[in-house]
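> sequence? don't have it. structure:
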């Protein structure tokens with residue numbers, strides 16, 4: 001997870017470096033288009049999966065949702081500090097918890113609901129409306145976290161039907177297709193240097209997803225989830241040392257509140273899973 005954090009911060013740094021030179025939709029499209037080279041090993045499993053119309057429709061919806069989220073993320077990166085983007089991205093698991101309760105019928109016990117409310121208060125601490133200017137990039141990140149959460153919920157449904165390889169591969173295909181018309185609408189000439197940078201974004205993003213997968217296989221979420229807070233530290237250092245961004249203590253405070261809530265939710269879910277098997281006395285009729 002430490003490696004994962006470094007990979008994703010590298011992605012953030014490159015996108016920030018490109019900045020407003022390339023429109024957000026075009027940058028996102030080129031990142032996914034160049035990343036299709038990593039799709040080659042996934043073609044056979046996708047064809048062998050023999051996806052149904054219902055599954056294809058689900059993948060299409062997930063691709064559209066992820067497309068909008070990626071565009072908004074690239075948009076936000078060019079307009080607000082890296083630390084703000086990273087901190088507000090922590091809201092996704094909170095929205096997933098709410099969405100699972102509203103749309104998938106999962107339980108939302110009082111303690112978990114309180115944790116969700118606390119996490120949303122953490123977002124308020126970061127934004128501090130009325131005390132600081134809330135940029136369009138901040139609003140974009142709020143929408144980004146919600147859209148990513150919607151994508152995660154669809155993935156949760158599909159994960160019981162197809163392999164992880166098929167899910168990752170279909171995401172790359174659908175998002176590339178989904179981004180194409182948005183990129184075409186704002187297309188500007190791109191230097192070979194920026195093409196190279198965007199290919200590096202694809203490399204670091206793919207490496208980050210692989211290392212995250214290895215982390216999930218090696219340790220429970222209760223161990224890996226808190227480590228993601230290190231991403232904020234790397235992001236703050238990067239923003240301050242490379243891009244000259246001011247260090248906002250309140251972003252740390254708000255992110256700590258959100259991560260504390262997310263860690264609690266993760267711990268409660270892990271504990272609930274361990275209690276699926278009834279205790280010995282309950283099995284005696």
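On my side now, so go ahead. Because the structure is predicted, anything quoted here is derived from the model rather than measured.
> roughly how far is stretch 52-65 from the heart of the chain?
Here stretch 52-65 is found 19 Å from its chain centre; the criterion is C-alpha atoms, centre = their mean, to the nearest Å.
> ok, and what's touching that stretch?
51, 147, 150-151, 154-155, 157-158, 161-162, 170-171, 173-175, 177-178 (C-beta atoms under 8 Å, 6 or more residues apart in numbering). Just so you know, the C-beta spots here come from the backbone N, C-alpha and C atoms, and that holds for glycine as well.
> Quick one, which of those are buried?
Using 16 or more other C-beta atoms under 10 Å as the burial test, those include 51, 147, 150-151, 154-155, 158, 162, 170-171, 173-175, 178 as buried.
> low-scoring stretches of the stretch 51-200 of the chain, by residue?
Scanning the stretch 51-200 of the chain for pLDDT under 70 picks out 130-131.
> Which parts of it are helices?
Taking DSSP state H, counting those that start in this stretch to define them, one finds helices in the stretch 51-200 of the chain at 53-77, 82-89, 92-103, 110-127, 136-158, 164-185, 192-218.
> Would you mind putting the ones you listed into CSV with distance to residue 253 alongside?
Shown next, in CSV, are the helices of the stretch 51-200 of the chain (distance: least, C-beta to C-beta, whole Å):
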stretch, distance to residue 253
helix 53-77, 20
helix 82-89, 10
helix 92-103, 17
helix 110-127, 6
helix 136-158, 16
helix 164-185, 34
helix 192-218, 26
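> Residue 258 is nearest to which of these?
Checking the helices of the stretch 51-200 of the chain against residue 258 by C-beta to C-beta gives helix 110-127 as the closest, at 3.8 Å.
> Counting neighbours, which bits of the closest one end up buried?
Buried, per 16+ other C-beta under 10 Å, within helix 110-127: 112, 115, 116, 118, 119, 120, 122, 123, 125, 126, 127.
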